[in-house]
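Student: Kindly return the folded structure for what I paste below:
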Amino acid sequence: MFKTVLFPIDQSRAAREAAEVVTNVVQKYGSRLILLSVVEEPAADAPSSDPMMSPEAVAKLLENAQALFSQQGITAEVMERQGKPAFTICDVADEIEANLIIMGCRGLGLTDEGATDSVTSRVINLSPCPVLIVP
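Tutor: Numbering: from 1, shown residues only. Below is the predicted model:
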């Protein structure tokens, strides 16, 4: 049923809490697991970049997540992309032919438009496959 599961991750508590659900789904269905970290392109007039999203921090985040799933007997592939998070998540889901996206209900922040237009809301509206949101 869920051959390929996409799990977009960031440093948020919601992403860490969603990991248990991801583990259960992947083990139950024998799914291929893809971990995705999206680094938002900095604005040209941005004063400085976020150290939590430096290339080193993202690599460490993906490495730690991969190790966490490995402890559960799950082989996870990792991907890092740059772009607008919601659009990039949906583009990757389409590219890898994901059958399910699992994500936390709140990531590190909201989009510039505010709470009513969060990354989660945009992914729900744009996704090429079902989206499971973990509260």
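Student: Please make it C-alpha for all contacts and neighbour counts, starting now.
Tutor: Noted.
Student: list the contacts for residue 14?
Tutor: Applying C-alpha atoms under 8 Å, 6 or more residues apart in numbering, we find residue 14 in contact with 103-107, 134-135.
Student: Let me have the residues you listed in a markdown table, extended by neighbour count, distance to residue 34 and pLDDT.
Tutor: Converted to a markdown table, the contacts of residue 14 look like this (neighbours: other C-alpha atoms under 10 Å; distance: C-alpha to C-alpha, whole Å; pLDDT from 0 to 100):
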| residue | neighbour count | distance to residue 34 | pLDDT |
| --- | --- | --- | --- |
| 103 | 27 | 12 | 96 |
| 104 | 23 | 15 | 92 |
| 105 | 18 | 19 | 86 |
| 106 | 19 | 19 | 70 |
| 107 | 18 | 18 | 53 |
| 134 | 17 | 17 | 95 |
| 135 | 11 | 21 | 88 |
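Student: Could you dump those residues into a markdown table with distance to residue 75 and secondary structure added?
Tutor: Shown next, in a markdown table, are the contacts of residue 14 (distance: C-alpha to C-alpha, whole Å; DSSP: H, G, I helix; E, B strand; the rest coil):
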| residue | distance to residue 75 | secondary structure |
| --- | --- | --- |
| 103 | 18 | strand |
| 104 | 21 | strand |
| 105 | 24 | coil |
| 106 | 25 | coil |
| 107 | 24 | coil |
| 134 | 21 | strand |
| 135 | 25 | coil |
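Student: With respect to residue 1, which of those is nearest?
Tutor: residue 103 (18.1 Å; C-alpha to C-alpha).
Student: quick one, what contacts residue 91?
Tutor: Contacts of residue 91 by C-alpha under 8 Å, 6+ apart: none found.
Student: separation between it and residue 84?
Tutor: Distance of residue 91 to residue 84, given as C-alpha to C-alpha, to the nearest Å: 10 Å.
Student: Also residue 106?
Tutor: Per C-alpha to C-alpha, residue 106 is found 16 Å from residue 84.
Student: How about residue 63?
Tutor: In this structure, residue 63 and residue 84 are 22 Å apart, going by C-alpha to C-alpha.
Student: same thing with residue 22?
Tutor: Distance from residue 22 to residue 84, by C-alpha to C-alpha: 23 Å.
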